[in-house]
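Trainee: No letters, just coordinates:
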């Protein structure tokens, strides 16, 4: 028997032995199941937009305008908000407009809101049917009856009643916030001689306009410190703002020239500017008094003349 035939005979035996040999099984190791618990969600942080003492910048705002509307010095806003460039504020940027707790000085008192005014509408007038007027039968009475009996039912028609006009009731203007003891100590005088050509109207005119001649003196209406002197607020021209207390400031607009500097202390009746027509079509002084940033009627503060 040749070697080739011997190999052919051994091959089936090798296959059979391989099929009958037990397979090698991998060992089974029990591993503990690790469950990953998600981290607790962080508590929501209160949005600064909803907090008092903050303001969200809108399109067209300037830092000077924001400071004026909140009764603050724009330099304080720069410091409170760590602004490198006061002219670089962006829409939707949230700015602090009230002093921080650790800021030096006295904080402005909270605004006392007036009580809610309820408007009562009068009840409509009651409708009453006219009483029949019985007359003795005559040809004249029949003719009169036919004149008023247009529907032919044999009864005189009710006379047409005119609708009762109910006077419209306008809601009263909210009262100004209560003055603090410091505010009541401010003594006022008129900022300039001249005729008042436009009165206070919160919706249209936030102060009063006083006519005058170019170069006429503009006086500080009360003692205080100049918190702004310049022309950075659109619509006001050359403007001076004097702060009299934590809650009260006065503004003098459309000046030809400014005679004081920021940070300067002024007395009541001291000349602070010369009347002009900067950013205005006529020579006039636009004068405002603001209480905690809100425009109020100057005639409530100025003495009679």
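Mentor: Looks like it arrived, so ask away. Because the structure is predicted, anything quoted here is derived from the model rather than measured.

Trainee: hey, let's count contacts and neighbours off CA atoms from now on
Mentor: OK.

Trainee: Looking at residue 121 now. What's its pLDDT?
Mentor: Looking at residue 121, its pLDDT stands at 48.

Trainee: cool, and residue 60?
Mentor: For residue 60, pLDDT reads 83.

Trainee: same thing with residue 200?
Mentor: Residue 200 is given a pLDDT of 95.

Trainee: pretty sure it contacts residue 297?
Mentor: Yes - with contact defined as Cα atoms under 8 Å, residue 200 counts as touching residue 297 (5.7 Å).

Trainee: Can you pull the residues that touch both of those two?
Mentor: 206, 207 (Cα atoms under 8 Å, 6 or more residues apart in numbering).

Trainee: All the strands of this structure, residue numbers only.
Mentor: 54-56, 94-96, 196-198, 208-211, 217-219, 224-230, 238-243, 248-258, 265-266, 271-275, 284-291, 294-296 (DSSP state E).

Trainee: would a markdown table of the ones you listed with mean neighbour count and distance to residue 67 be doable?
Mentor: Below are those laid out as a markdown table (neighbours: other Cα atoms under 10 Å; distance: least, Cα to Cα, whole Å):
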| stretch | mean neighbour count | distance to residue 67 |
| --- | --- | --- |
| strand 54-56 | 17 | 10 |
| strand 94-96 | 20 | 10 |
| strand 196-198 | 13 | 25 |
| strand 208-211 | 20 | 21 |
| strand 217-219 | 23 | 23 |
| strand 224-230 | 21 | 10 |
| strand 238-243 | 26 | 11 |
| strand 248-258 | 25 | 12 |
| strand 265-266 | 18 | 19 |
| strand 271-275 | 24 | 21 |
| strand 284-291 | 25 | 12 |
| strand 294-296 | 21 | 11 |
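
Trainee: Output these as CSV; include the columns distance to residue 66.
Mentor: As requested, those are exported to CSV (distance: least, Cα to Cα, whole Å):
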stretch, distance to residue 66
strand 54-56, 8
strand 94-96, 9
strand 196-198, 25
strand 208-211, 21
strand 217-219, 25
strand 224-230, 13
strand 238-243, 14
strand 248-258, 14
strand 265-266, 23
strand 271-275, 23
strand 284-291, 13
strand 294-296, 12
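
Trainee: For residue 178, find the nearest of those strands.
Mentor: Of all the strands of the chain, strand 284-291 sits nearest to residue 178, with 9.4 Å by Cα to Cα.

Trainee: for the closest one, packing partners?
Mentor: Strand 284-291 makes packing contacts with strand 208-211, strand 248-258, strand 294-296 when contacts are defined by 3 or more Cα pairs under 8 Å, 6 or more residues apart in numbering; DSSP states H and E.

Trainee: which other residues reach it?
Mentor: Outside strand 284-291, the residues that touch it by Cα under 8 Å, 6+ apart are 71, 177, 191-192, 206-213, 218, 247-255, 275-277, 295-298.

Trainee: average pLDDT for it?
Mentor: 96.

Trainee: One more: stretch 65-72?
Mentor: 84.

Trainee: ok, now stretch 230-245?
Mentor: Here stretch 230-245 scores 94 as its mean pLDDT.

Trainee: these two touch, right, residue 225 and residue 264?
Mentor: Yes - at 5.6 Å, residue 225 and residue 264 qualify as touching, with contact defined as Cα under 8 Å.

Trainee: contacting residues for the closest residue to residue 208 other than its chain neighbours?
Mentor: Closest residue to residue 208 apart from its sequence neighbours, by Cα to Cα, 6 or more residues apart in numbering: residue 199 at 4.8 Å. Going by Cα under 8 Å, 6+ apart, residue 199 touches 205, 207, 208, 209.

Trainee: mind redoing it with 7 Å?
Mentor: Neighbour list for residue 199: 207, 208, 209 [criterion: Cα atoms under 7 Å, 6 or more residues apart in numbering].

Trainee: And residue 265, by the same measure?
Mentor: By Cα under 7 Å, 6+ apart, the neighbours of residue 265 are 224, 225, 226.

Trainee: Go through those and say which is closest to residue 95.
Mentor: residue 226 (23.0 Å).

Trainee: Would you check that that closest one makes contact with residue 267?
Mentor: No - Residue 226 is not in contact with residue 267 according to Cα atoms under 7 Å; the separation is 10.5 Å.

Trainee: follow-up on the earlier one: could you dump the contacts of residue 265 to CSV with pLDDT and distance to residue 53?
Mentor: Output for the contacts of residue 265, formatted as CSV (pLDDT from 0 to 100; distance: Cα to Cα, whole Å):
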residue, pLDDT, distance to residue 53
224, 96, 24
225, 96, 23
226, 96, 23
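
Trainee: what number of residues lie near residue 87?
Mentor: Neighbouring residues of residue 87 were enumerated by other Cα atoms under 10 Å; the total is 10.

Trainee: Phi, psi for it please.
Mentor: For residue 87, the backbone dihedrals (degrees, to the nearest 10) come out as phi -90, psi 0.
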